[in-house]
Structure formats: C-alpha cells, structure tokens
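Participant: What follows is a predicted structure for the sequence shown.
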Amino acid sequence: MLEFLHPGPDSKSELMETLADAEQRELIEPESRQMLEGVLRMAELSAGDAMVAAPRMDLLDIDAPYDELLAGVIDTGHSRFPVYEGGRDNIIGILLAKDLLKMQRAPELNLRALLRPTVFVPESKGLNELLRDFRSNRNHLAIVIDEFGNTAGLITIEDVLEEIVGEIEDEFDDKDGESGLYTLADGSQRVAGDTTIAAVNGAFGLALPDNDFDTIGGLVAHEHGRVPRRGESVKIGGLNFAVMLTRGGAVRWFKVTRAHEGESEA
C-alpha cells in the first residue's frame, strides 16, 4: 500500500529527480545532492573516461641526470611519476617525489631501486572497481592500457574521487586574493578559467578584447577554436595559456606565462 501511495524511483533518472526535489525541499544540502549524483554517475564511468591521456602524461626518463629529474618534479608539482626506459610506452615503475630526495643525501643510490611497481588497468575498468582497488592495495596511480596493450593514459585516486566530490584543491590553490589569479612559486600565474578578461588585463597590463566574452576561458576557447584540453597551450596577446585542469567541459585553471618565457605545463 505504501509503495502504491508513494512509489519510489524506478530508474536512475527518476532517482536524480528525487534528489533534486529533496534539495528543493531542504531535506538535503546542495553539496550532498551533488556528491550522491556523482556516485551514481561514477558507476557508469570507466578508467578511460577519467584518465589523463598518454600525450599529456608527465613522465621521467630513467636515464636522465638527477638534476633534470629534480627539475621535472619541481616544474610539475606531482607527487608520483611514471618512469620509462627507452620509449614513453616502456614504463618500468612509479617514482615518488619524496623518494627522489633520498638521492641528495645518498648519491650512490640506484634510481631503479627506488621505483615502486606499476599497476596497469584496462580502459574499460569501472571507476567503482578501480576505487576499491586503490583503497585495498594502497596504490594511488595506475597506468591505463588500451586493448592492444599500449599506454592510453594514467589515472590517480584523485581523478576518481573528483568524479564524486568535484575538484579537489591542493596547496597550490591558496588564494592571494579573490580575483582568481594566484602567483605560483616559479613566478607564473595560475588563472581560473572564469576569471574576467578585465582582471587578466589588469594583472598583465594588456588590452585583450572583452566585447564578446566575459571570461578568459571563453576568449581562449574562441581563439583556439574549441575548449583546449589539459596540457595544451594557447598563445594570446603575448601570453601562453597552458591548461592545468578541465572540469565539466570547461577549463578550470590555466598556468599563464609571458610568451617569451616559453610554455610550461603544470
């Protein structure tokens, strides 16, 4: 009788509508609804949907000098790196940034001895299952391979969790102000995609046009012909806009440098 009077949702879309209705009636908080919807959506996603594609992976060469390896770690700011030998497809292990520091005190250490085992997963592996594996084996990074065994990309536990909770900010996101422009350690600027063009003009002393677009993300997408992907760079008005993070079909963060300083990925 209760089911007849108050039927429950019969599909995922109806469940989404129920959650939206619960939010409108203030039974749950907006953040709770977004997380619940993220859990439902994640059940339909695979590693291939959330991975960083192979051309945009930050890798380290096992044969590179120590100074070059250290510079790569500092420039990218990641905590874990796939390490390859010979070619980018030949990944032989994972290096933790903190392990690399051990070689400063003990230069005689063999870099190979510091490598952690590589976890390989197929593109089709579901994110639910992948998250369970990450939690059980305490690995936070996996290499995604395609049906032919070639490297398709990489995925981290943060990539999976962000499908549920949205963007996870890190120590590089500490604000210097409320404008969406933040100064990084190397002197470059981290600029939010929704920052106004006027704010960018003021910060860099430029006169980028703001007649047709309000945000810098909109202007960059227009100049590029599409929304740029993570790792891609677009030059506008003497600046390089390197995409650090995309979310929901839009650029969340750019790393911006003067064009004469060269392009640099985050």
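Facilitator: Perfect, I can see it now. Numbering: from 1, shown residues only.
Participant: Point out where the stretch 151-266 of the chain drops to low pLDDT.
Facilitator: By pLDDT under 70, the low-scoring segments of the stretch 151-266 of the chain are 165-179, 185-186, 247-249, 260-266.
Participant: Enumerate the positions of stretch 41-57 that are buried.
Facilitator: Residues of stretch 41-57 classed as buried: Met42, Ser46, Ala47, Gly48, Ala50, Met51, Val52, Ala54, Met57 (neighbour count, 16 or more other Cβ atoms under 10 Å). For every residue, glycine as well, the C-beta is placed using N, CA and C.
Participant: Could you let me know which of these ends up closest to Ala142?
Facilitator: Taking Cβ to Cβ as the measure, Ala47 is the one of the buried residues of stretch 41-57 closest to Ala142, at 7.3 Å.
Participant: between the buried residues of stretch 41-57, which is closest to Thr156?
Facilitator: Distances from the buried residues of stretch 41-57 to Thr156 were compared by Cβ to Cβ; the smallest belongs to Val52, at 8.2 Å.
Participant: before we move on, the earlier item: of the buried residues of stretch 41-57, which belong to strands?
Facilitator: Secondary structure assignment (DSSP state E) places Val52 from the buried residues of stretch 41-57 within strands.
Participant: And the buried residues of stretch 41-57, which is closest to Ile236?
Facilitator: Compare each of those with Ile236 using Cβ to Cβ and the shortest gap goes to Val52, at 24.2 Å.
Participant: Could you verify my assumption that Lys125 touches Leu45?
Facilitator: No - between Lys125 and Leu45 there is no contact, the gap being 10.2 Å when judged by Cβ atoms under 8 Å.
Participant: Tell me the buried residues in stretch 207-226?
Facilitator: Per 16+ other Cβ under 10 Å, stretch 207-226 contains these buried residues: Leu208, Asp210, Phe213, Thr215, Ile216, Gly217, Gly218, Leu219, Val220, Ala221, His224.
Participant: Distance-wise, check the fifth one relative to Ala207.
Facilitator: In this structure, Ile216 and Ala207 are 14 Å apart, going by Cβ to Cβ, to the nearest Å.
Participant: so which helix or strand takes in Leu131?
Facilitator: Mapping Leu131 onto the secondary structure by DSSP states H and E places it in helix 127-137.
Participant: No further queries at this time; thank you.
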